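**Q** Take this sequence and fold it.
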Amino acid sequence: GAGVVHVTLAGLSVSEVEFSNSTVVIVRASFSDASTFVSGGVEVVADTGAETNSFANVSWTYFPRGEILSISPAEGQRGSSVTILGNRLFDDTGVKDVLLAGVSVASIVSVNESEVVVSAPVHAVHSGIVTVLSNSGYFVTSGSNWTFTPLSQIDAVSPQSGQQGTYVNISGRYLTSGAAT
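**A** Next up is the predicted model:
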């Protein structure tokens, strides 16, 4: 036989067989909408029809689906600090990347079980979902959008000189974009 034609993990067919040979099979786990942990055996079916089952010695567990509960602020631009709160935002392999409206963040500032803080990159005005990607390929997406706002610009400073205590008026465009109001 030439390869593997079907694989199940905990009773669910995988979405894709990435690679297979006589000693290794690499697959992409399917979507599971389980609200609790779901464990079960592993089954591999070769193109010859031969079936291999893990039975009790090896199992696979689907984690409950992760969720993004809030994104704050919901809009911003280059350098905006964005806090993503949720449950099961990533798996035990860690956070590989965060996408704001489909764009990789400038940096991941901090990560814990229920919060990921990132710094927004430079991007043109654009809206889209937020995605937290784990190193394993596991991902969690938001139900709401994050929006890149126009880049801020300082147009004038008045007065242009002074000393301690001088009130300075700074005017421009989008100076508080993404700031909490």
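
**Q** can you pull the contacts of the residue nearest in space to the middle of the chain?
**A** Central residue of the chain (CA atoms, centre = their mean): residue 132, 1.1 Å from the mean position. Applying CB atoms under 8 Å, 6 or more residues apart in numbering to residue 132 gives the contacts 66, 68, 84, 86, 89, 90, 95, 98, 116, 139, 140. Any C-beta I mention is one placed from the backbone N, CA and C, and that applies to glycine too.

**Q** With respect to residue 17, which of the residues you listed is nearest?
**A** Minimum distance to residue 17 across the contacts of residue 132 is 19.6 Å, recorded for residue 139 (CB to CB).

**Q** Does the closest one touch residue 98 like I think?
**A** No - Residue 139 is not in contact with residue 98 according to CB atoms under 8 Å; the separation is 10.0 Å.

**Q** Overlap of the contact sets of these two?
**A** 131, 132, 133.

**Q** Can you give me the neighbour number for residue 18?
**A** Neighbours of residue 18 under the rule other CB atoms under 10 Å: 11.

**Q** Check which residues of the host helix or strand of it are buried.
**A** Assessed by DSSP states H and E, residue 18 sits inside strand 16-20. Going by neighbour count (16 or more other CB atoms under 10 Å), the buried part of strand 16-20 is 17, 20.

**Q** pLDDT on that strand, on average?
**A** The pLDDT scores in strand 16-20 average 89.

**Q** So for residue 139 and residue 98, which residue has more residues nearby?
**A** Between residue 139 and residue 98, residue 98 has the larger neighbour count (other CB under 10 Å), namely 24 against 16.

**Q** re the thing from before, out of the shared contacts of residue 139 and residue 98, which comes closest to residue 58?
**A** The closest of these to residue 58 turns out to be residue 133 (CB to CB; 26.5 Å).

**Q** Pull the contacting residues for that closest one.
**A** Contact partners of residue 133, counting by CB under 8 Å, 6+ apart, are 90, 95, 96, 97, 98, 99, 139.

**Q** who are the neighbours in contact with residue 121?
**A** By CB under 8 Å, 6+ apart, the contact set of residue 121 is 78, 100, 103, 104, 105, 106.

**Q** ignore the last one, residue 120
**A** By CB under 8 Å, 6+ apart, the neighbours of residue 120 are 76, 77, 78, 79, 80, 81, 82, 100, 105, 106, 148, 178.
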